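In: can you look at this prediction? I've put the sequence above it.
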Amino acid sequence: MARPDRRAVAAYPEGNQLLSRLIPDQIGSLDLRPACEAHDERYATLGFPKDEADELLRQELLNLCPAYVAIAEGPWEKALRKTWCEWVAETYFDALQEHGDEAYKNAQEQALTERNKSE
């Protein structure tokens, strides 16, 4: 599989402020940016399967939960943070499965265009 040109890493059109607000990459102290950026790169890697990219994002978000929970004080806050973090991971995954087809298609088309330009 071809590695993406960094300019091709964009599941959504650049400057789409509405989507940026609807799909935040940081929620409070829960920083989703590294996982989201890796997901965008996978979408923009020509031939990378969408379902695999989405599942890897889900796993990376779930992997953030132990550190997010560890900073909590007391058992109730820990339980709340764990539930919240897992909910975020599952919600992002479900949203991508239901609504990510166009973003994946656009990123794949852009990656193909970039590859064709370089040949």
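Out: On my side now, so go ahead. These numbers come from a predicted model, not from an experiment.
In: distance check, the nearest residue to residue 51 once chain neighbours are set aside against residue 118.
Out: Excluding its sequence neighbours, the residue lying closest to residue 51 (C-beta to C-beta, 6 or more residues apart in numbering) is residue 97, at 7.8 Å. C-betas here are computed from N, CA, C, even on glycine. For residue 97, the distance to residue 118 (C-beta to C-beta, to the nearest Å) stands at 32 Å.
In: which parts of stretch 56-70 are buried?
Out: By neighbour count on 16 or more other C-beta atoms under 10 Å, the buried set for stretch 56-70 is 56-58, 60-62, 64-65, 68-69.
In: next up, the contacts around the residue nearest to residue 36 when sequence neighbours are not counted.
Out: Spatial nearest neighbour of residue 36, excluding adjacent residues (C-beta to C-beta, 6+ apart): residue 25 at 4.4 Å. The contact partners of residue 25, taken as C-beta atoms under 8 Å, 6 or more residues apart in numbering, are 31-33, 36-37.
In: tell me, what residue is most central in this protein?
Out: Nearest to the mean C-alpha position of the chain, by C-alpha atoms, centre = their mean, lies residue 36 at 3.1 Å.
In: was I right to think it contacts residue 57?
Out: Yes - Residue 36 lies in contact with residue 57 (C-beta atoms under 8 Å); the separation is 7.3 Å.
In: what does the strand or helix carrying residue 76 rub up against?
Out: If you go by DSSP states H and E, residue 76 is part of helix 75-99. Contact with helix 75-99 is made by 23, 27, 30, 32, 39, 51, 54-55, 57-58, 61-62, 64-65, 68-69, 71-72, as judged by C-beta under 8 Å, 6+ apart.
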